[in-house]
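K.L.:
coordinates only, no sequence provided:
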């Protein structure tokens with residue numbers, strides 16, 4: 001598989017990740033609006049951050065001419081914060 005094809009596959013997979021992430025955010029947000037449970041709001045925020053990390057890495061690498069390593073570092077930082085929010089939504093006092 002050529003390098004160009006590999007990057008197309010990476011782009012397609014990351015697009016699917018972003019769409020699925022948005023679906024999870026939307027579902028969590030609907031649960032929050034229905035129940036007014038703070039844990040669902042935090043869950044939506046956490047998954048939103050995970051999804052934003054995927055989009056951010058792609059934007060930094062493809063649009064802002066940032067190197068792949070820096071783009072992935074930015075994604076990892078946002079993902080860590082998102083996972084911490086998800087963990088808090090599950091185990092924290094909400």
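P.N.:
Everything's here; your move. Since we're looking at a predicted model, the values are computed, not measured.
K.L.:
thinking residue 58 is in contact with residue 12, fair?
P.N.:
No. Judged on Cβ atoms under 8 Å, residue 58 makes no contact with residue 12 at a distance of 11.3 Å. Placement of C-beta: from N, CA and C, glycine included.
K.L.:
neighbour count for those two, which is higher?
P.N.:
The neighbour count for residue 58 versus residue 12, taken as other Cβ atoms under 10 Å, is higher for residue 58 (18 against 10).
K.L.:
residue contacts, the more buried one?
P.N.:
By Cβ atoms under 8 Å, 6 or more residues apart in numbering, the contact set of residue 58 is 11, 14, 71.
K.L.:
which strand or helix spans it?
P.N.:
For residue 58, the host element (DSSP states H and E) is helix 38-62.
K.L.:
what are the buried residues along that helix?
P.N.:
Residues of helix 38-62 classed as buried by neighbour count (16 or more other Cβ atoms under 10 Å): 39-58, 60-61.
K.L.:
mind checking which of the contacts of residue 58 land in helices?
P.N.:
Cross-referencing the contacts of residue 58 against helices under DSSP state H gives 11, 14, 71.
K.L.:
what about the nearest residue to the first one once chain neighbours are set aside, distance to residue 45?
P.N.:
In space, residue 11 comes closest to residue 58 once its chain neighbours are excluded; the distance is 7.3 Å by Cβ to Cβ, 6 or more residues apart in numbering. With distances taken as Cβ to Cβ, to the nearest Å, residue 58 is found 21 Å from residue 45.
K.L.:
how about the nearest residue to the residue sitting nearest the centre point of the chain, chain neighbours excluded?
P.N.:
Closest to where the C-alpha atoms of the chain average out (Cα atoms, centre = their mean) is residue 51, at 1.7 Å. Spatial nearest neighbour of residue 51, chain neighbours left out: residue 21 (3.1 Å); criterion: Cβ to Cβ, 6+ apart.
K.L.:
contacts only, for the one you found.
P.N.:
For residue 21, the contacting residues are 47-48, 50-51, 54, by Cβ under 8 Å, 6+ apart.
K.L.:
quick check, nearest of these to residue 67?
P.N.:
Residue 67 lies nearest to residue 54 out of these, by Cβ to Cβ, at 17.3 Å.
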